[in-house]
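> any chance you could fold what I've pasted below:
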Amino acid sequence: MAAEILIVVLKAAIVLGALLHLAALTIWVERKGSALIQDRIGANRAAIFGFDLAGIFNTLVADPVKALFKEDWVPKGTSQFLHSMGPFLAAFPVLVSFAVVPFGPPIISGGKEIPLQLATLDVGILYMFAMGSLAVYGVVLAGWVSNNKFSLFGSLRASAQMISYEITMGISIVGLIAIYGSLALDEIVLQQGKVFRVLGLPIPAWGIFLNPIAFLVFFTSMMAETKRAPFDLPESESEIVAGYFTEYSGMKFLVYWLGEFAEVVVASTLVTLLFFGGWQLPYFDIRSIPTNLWGYLPGFLGFLETWNFQWAPLVGAMIFGAKVSFFCVLQVIIRWTLPRFRYDQLMNLCWKIMLPVSMLNLVATVALLLGGFFSLE
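Numbering: from 1, shown residues only. Predicted coordinates:
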């Protein structure tokens, strides 16, 4: 019992640490990437002993220290408790949604299988969607408790945007769920290790190949869920304010900011799990990697041959991390490349274009599935 509790605690620390570190690194990539795209200096002003390390000190050290010592200002005529609850309600659901993410193949120890997943739920994808939906409460609360009509306008726009795009996001993956026959994320990843044949050619059973239209709709909807450009309509140029967290400063503002970038990581994770095989590689089963690879080492390291190390979980986790990092960077590039939508354009894109496309794609996917086109081997 004690060993099982220790394993859960270690996995929880690793999962939370991975999410927070990826979010922090995405902030650094955002600030340096936007500087490169816009041909400006960027975040590299803070240095220690003359070394700035490409802005890492500025972004990951100076900014948090500055936020810690900034005044925690609360507007008059509002509740300090509810004002503090806003950042918590916005960030907490995003953080706990990572609990069902499979990072790699399981570890075999003493004949017991230890999944690289904090919680193995049969409805993992529904759990992540449910947690993502709860984040809207933090957005609405921030606008309402700020005692500022412009913050309230921003929170209403953000909530309408999030609720609208959740519909297209959910419908877009129903076809994939029908193909894979499971709501469990670990099972969906395992199914993507198979192939299906088109004109006799074996194609990896990744979601991007099985249903590319669903990928485009889902990826666009996930970017809209993160409330970032070109979908950053919580902010309005005519109001000259920062949206629903205008009245937040110091660490409360930083928690909102961290939660926003954690949403970017979660969005990249979902795209990786559903459409790009998770920790899988095409045409190769990572679980088949032998535990004893020390025979390839030089002779003076021969004493290591007696140590059987399970390489498959490590390799799978590295592949998964590389895919998630790629989509985090891709979202940063898109954010600083495309112009913003007007609010009416944003809502028209969802209700008049993406929703009909996702529904037609669902009907076509089910028809092909019943016709035996998606026969996985």
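
> where does the chain dip in pLDDT?
Where the chain drops to pLDDT under 70, the residues are 1, 110, 237, 291-309.

> can you show me the strands along it?
Taking DSSP state E, the strands of the chain run over residues 107-109, 112-114, 195-198, 201-204.

> residue 233 is nearest to which of the ones you listed?
Comparison of the strands of the chain against residue 233 by C-beta to C-beta identifies strand 201-204 as nearest, at 36.5 Å. For glycine as for every other residue, the C-beta is placed from the backbone atoms N, C-alpha and C.

> show me which positions of the longest helix seen in the chain end up buried.
The longest helix of the chain (DSSP state H) is helix 2-37. Buried residues in helix 2-37, defined by neighbour count with 16 or more other C-beta atoms under 10 Å: 11, 15, 18-20, 22-35.

> packing partners for that helix?
With contacts defined as 3 or more C-beta pairs under 8 Å, 6 or more residues apart in numbering; DSSP states H and E, helix 2-37 has these neighbours: helix 80-96, helix 250-275, helix 311-335.

> what about the residue most central in space within the chain, distance to residue 364?
Geometric centre of the chain, nearest residue: residue 266, 1.5 Å, by C-alpha atoms, centre = their mean. The gap separating residue 266 from residue 364 is 28 Å, by C-beta to C-beta, to the nearest Å.

> residue 289 against residue 311, yeah?
Yes. Residue 289 is within contact range of residue 311, at 4.8 Å (criterion: C-beta atoms under 8 Å).

> just to revisit the earlier point, of the strands of the chain, which is nearest residue 322?
Proximity to residue 322, assessed across the strands of the chain by C-beta to C-beta, is greatest for strand 201-204 (16.6 Å).

> neighbouring strands - and their directions - for the closest one?
With DSSP bridges as the test, strand 201-204 is paired with strand 195-198 (antiparallel).

> pull the CA atoms of the strand it pairs with into CSV?
Taking C-alpha atoms only, strand 195-198 is exported to CSV below (Å, rounded to 0.1, in the frame of the first residue of the first chain):
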residue,chain,number,x,y,z
VAL,A,195,-2.3,0.6,-39.9
PHE,A,196,-5.1,0.7,-42.4
ARG,A,197,-4.7,0.1,-46.1
VAL,A,198,-5.4,2.5,-49.0
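
> buried stuff in that strand?
195, 196.

> list of residues touching that strand?
Residues outside strand 195-198 that contact it (C-beta atoms under 8 Å, 6 or more residues apart in numbering): 202, 203, 204, 205, 209, 210, 283, 373, 374, 375, 376, 377.

> how does it look with 10 Å?
Residues outside strand 195-198 that contact it (C-beta atoms under 10 Å, 6 or more residues apart in numbering) are 179, 201-206, 209-210, 282-283, 373-377.

> likewise for stretch 57-73?
With C-beta under 10 Å, 6+ apart as the test, stretch 57-73 has contacts from 21, 24-25, 27-32, 42-48, 51-53, 55-56, 80, 83-84, 247-255, 257-258.

> repeat for stretch 354-363
Applying C-beta under 10 Å, 6+ apart, the external contacts of stretch 354-363 come out as 164-165, 167-176, 178, 211-214, 216-218, 220-221, 224, 348-350.

> list the buried residues of that stretch.
354, 355, 357, 358, 361, 362.

> please apply the same query to stretch 344-356.
Residues 346, 347, 349, 350, 354, 355 are the ones in stretch 344-356 that count as buried (16+ other C-beta under 10 Å).

> as a markdown table, those residues with distance to residue 119 would be great.
As requested, the buried residues of stretch 344-356 are exported to a markdown table (distance: C-beta to C-beta, whole Å):
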| residue | distance to residue 119 |
| --- | --- |
| 346 | 34 |
| 347 | 35 |
| 349 | 34 |
| 350 | 31 |
| 354 | 31 |
| 355 | 31 |
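
> and the residues you listed, which of them are in helices?
Secondary structure from DSSP H places 346, 347, 355 of these in helices.

> just the residues you listed now: which is nearest residue 160?
Nearest to residue 160 out of those is residue 347 (C-beta to C-beta; 7.4 Å).

> number of residues surrounding the spatially closest residue to the closest one that is not a sequence neighbour?
Counting by C-beta to C-beta, 6 or more residues apart in numbering, the nearest residue to residue 347 once its immediate chain neighbours are dropped is residue 164, at 6.4 Å. Using other C-beta atoms under 10 Å, residue 164 has 20 neighbouring residues.

> give the contact list for residue 164.
Applying C-beta under 10 Å, 6+ apart to residue 164 gives the contacts 221, 224, 225, 346, 347, 349, 350, 351, 354, 355.

> again, only this time at 7 Å
By C-beta atoms under 7 Å, 6 or more residues apart in numbering, residue 164 lies in contact with 347, 350, 351.

> can you check residue 246 too?
146, 148, 150, 151.

> which of those residues sit farthest apart?
Across the contacts of residue 246 (C-beta to C-beta), the longest gap, 8.8 Å, separates 146 and 150.

> what about those two, which has more around it?
Neighbours were counted for residue 146 and for residue 150 using other C-beta under 10 Å; residue 146 has more, 24 against 20.

> and the more buried one, how far is that from residue 232?
Following C-beta to C-beta, the distance that separates residue 146 from residue 232 is 18 Å.

> again with residue 88
Per C-beta to C-beta, residue 88 is found 22 Å from residue 232.

> again, but for residue 63
Residue 63 sits 20 Å away from residue 232, going by C-beta to C-beta.
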